[in-house]
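Visitor: Here is my input; please provide its structure:
(chains A and B)
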Amino acid sequence: MLDTVDIPRSRARRGLIDRFNLEIREHMPLEQQLLVVIGGVVVGLAISSLLLVAAGVSLPDVYDEFVVEIFTNPRNISSVLDYASPLVVVGLSAAMAFKARFWNIGIEGQLIFGGIGATVVANYDIGPPFLRLALMAVFAILFGMAWMALPLFLKLKLQINEIISTLLMNYIAFDFLLHLLYGPWKDPASGFPNSKLYDGFEQLPMLGWQDLNLAAVFALVLVAGFAWLLGVSRFGFLLRFVHSNPRMARAMGVRIGVFTLVAALASAGLAGFGGFVISAGIAGRLTQSFFVGYGFSGILIGFLARNNPVGVVLFSLLISILMVAGQSLQVFYQIPFAMVQLMQAIIVICVAASEFFIRHRLRFVA
Amino acid sequence: MDFLINWLANIPSFATPFALAALGLIICEKSGILNLGAEGYMLISAMAGAGAMLTFGQHPFLALAVAALAAAALSLIFGFLVIVLRVNQVISGLTIIFFAQGTSQLISTIQGWTNESFTGLGTMRFGPLSDIPAIGKIVFQQDLIVYLAIALFFVTNWVLNSTNIGLRLRSVGENPEAADAAGVSIGLYRFGAVIAGGLLMGLAGGYLSVVVSKIWVDGMSGGRGWIAIALVIFARWRPFVALGGAVLFGCIEALIPRMAASGWELPQYFVLMLPYAVTLAVMVWTSLSGRAGSGQPGALGQPFVREERR
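Guide: Here you go, the predicted structure:
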């Protein structure tokens, strides 16, 4: 008796919002997913353009700066590639760690230590000149890994949350960088707080087209290596297993700790290498802000690309285009450079919103 | 002696932004939402507070309210991302920082608020009490927000630990499945906590520009939001320990310019590292002493999806 009365009443009370039922979508075809993500990026760019218009840049000028200037001027193409290369490296670094479900928020600190490692070699003239660049790269990688050692140890031995520990290490690294640049490494020639300029053979060689340097080649090689490691190798297969179902992997006897260890160290090594690429490729010295914008952009790129190496390249190029266009907006329209960060944030929000519809389905219940 | 009194009298204004931001973070994280965007909330509110001062004239409390509301508006975006869209909380927090850095610089540049100084909020006087030697200057010559912040700690601590709302909030952060089964609305409590946290972090950011520096400079929060995050972990999510930590950080921050001014040689960058190193050490200590997780909300950082079984 009660039941028959109750059911229609509860139905009658259902408001419009309750009629939309949220469901988990098990699977969406890959092409469709790709379209949804591209849609998110396009919406993000559209919102960003509207903001620029509101800030006083006319729509044709926005088009001119972001499309015409970037794709027709060879100088700008080469700057886009130059900025994109370190972004690819840090994006891969983030993707590598996230693949093992290790939240490496300390990419910035590892970048800084990579730069410090490279500068140790350059400042103290370690090794013969023809080996100098290679040694700088090796030191950068090792220094980046060293900066990961403590958080990794704490994670594996004491189960201490790596988000917080790697984050804290960023600050310690930054204060240490300032200590070096305002102290022992201060440029004796100018007295400015940056290391002395690297010698010519300590800077990344140019490839002979515009300002494009060797970093682009490194980035491509690393992307190929990453794709092979994760897509083809046995390690990558197991890592994907660990990523998609850690409980099952553990039950099947996969030693998850080993994968965390390898992926976290590889991530830190990549970040350190990124520090080398930035200091030896762009500034030619260590400055107190050489890493700014790369660490956290790397994390966002890893997220946007869903840890896919090709995606990392595409999103790095996109953000690098925003950076190059942002510089000319700053010069010609007095738009602050932070607009680039705002645009990145808007794109992430839009892509995240679009991903919601990849994983969920709204269904209308009559 | 003068050095000591001046130093102690300066600590509250250095400690208040840390304390308020940490309190906001504790409320937010008690509901299970890891909020890495503190730096962003402080930036946007510092900018909004300064803008309100320059636009509406000498009304510091109005400006502080505007600052808190600006951060609350930003927290709505964050809440939408992590609660409705269930985006990863780490990513969302970083996104909020990028968003706030860009927005604050864009708006302040267009409006011409950058580097424009104003009068701001002065200190209070309690009649003869403020003239007591030493103690008067340290205790009875602070601005209203310092006293308000202490009151807010008592209120928050009481709400979290002694009321039904606090109990439900903590249950949402500890075990959302159980709370959901008990009829607690997860989304409502989490949104409420995110907004309350945003308001407090906004007050902290507004305090920076309206009370302390009386000017807006790009990026003026200067890492204080991150320190507040470290403080919460240091305090293991207990409000009064966070207050103590904030005072400790305030001591260090107030000491460095003073020591430099009086010509003492010290490795200042290593002193600056100290808070982070101490926080790491506290994390290790809590883990080693077997108290790991005693403070951390059980569901911190995990989205709640009723349709998914975990």
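Visitor: residues of stretch A:61-76 that come out buried?
Guide: A:61-62, A:65-66, A:69-70, A:76 (16 or more other CB atoms under 10 Å in any protein chain shown). Quick note: C-beta positions are derived from backbone N, CA and C, even for glycine.
Visitor: cool, and stretch B:206-221?
Guide: Residues of stretch B:206-221 classed as buried: B:206-212, B:214-218, B:220-221 (neighbour count, 16+ other CB under 10 Å).
Visitor: for residue A:22, helix, strand, or coil?
Guide: strand (DSSP: H, G, I helix; E, B strand; the rest coil).
Visitor: circling back: ok, and of the buried residues of stretch B:206-221, which contact chain A?
Guide: residue B:218 (CB under 8 Å from any CB of the partner chain).
Visitor: nearest to chain B, of the buried residues of stretch A:61-76?
Guide: residue A:62 (14.4 Å; CB to the nearest CB).
Visitor: Now do the same contact list for the closest one.
Guide: Residue A:62 is in contact with A:49, A:52-53, counting by CB atoms under 8 Å, 6 or more residues apart in numbering or on different chains.
Visitor: what helix or strand is it on?
Guide: For residue A:62, the enclosing helix or strand under DSSP states H and E is helix A:59-63.
Visitor: ok, residue A:242 to chain B distance?
Guide: Distance from residue A:242 to chain B, counting by CB to the nearest CB, to the nearest Å: 18 Å.
Visitor: Averaged pLDDT, whatever helix or strand that residue lives in. What do you get?
Guide: Here residue A:242, judged by DSSP H and E, is contained in helix A:234-244. Per-residue pLDDT values across helix A:234-244 average out to 86.
Visitor: same for that helix, what does it pack against?
Guide: Using 3 or more CB pairs under 8 Å, 6 or more residues apart in numbering or on different chains; DSSP states H and E, the elements in contact with helix A:234-244 are helix A:74-99, helix A:215-231, helix A:246-251, helix A:256-278.
Visitor: That one: how far from the chain's middle?
Guide: 21 Å (CA atoms, centre = their mean, to the nearest Å).
Visitor: For it, list every residue counted as buried.
Guide: Those buried within helix A:234-244 under the rule 16+ other CB under 10 Å are A:236, A:238-239, A:241-243.
Visitor: could I get these as a markdown table with distance to residue B:274?
Guide: Shown next, in a markdown table, are these (distance: CB to CB, whole Å):
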| residue | distance to residue B:274 |
| --- | --- |
| A:236 | 41 |
| A:238 | 41 |
| A:239 | 38 |
| A:241 | 42 |
| A:242 | 37 |
| A:243 | 37 |
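Visitor: tell me the SS of the closest residue to residue A:171 other than its chain neighbours?
Guide: Excluding its sequence neighbours, the residue lying closest to residue A:171 (CB to CB, 6 or more residues apart in numbering or on different chains) is residue B:276, at 4.6 Å. Look at residue B:276: counting by three-state DSSP, its state is helix.
Visitor: How about residue B:51?
Guide: Three-state call for residue B:51 (three-state DSSP): helix.
Visitor: Chain A contacts on the stretch 51-200 of chain B?
Guide: B:77, B:81, B:85-88, B:90-92, B:94-99, B:101-106, B:109-110.
Visitor: In which helix or strand does the residue in the stretch 251-366 of chain A positioned nearest to chain B reside?
Guide: Chain B sits closest to residue A:342 of the stretch 251-366 of chain A, with a gap of 2.4 Å, by CB to the nearest CB. Using DSSP H and E, residue A:342 falls within helix A:339-359.
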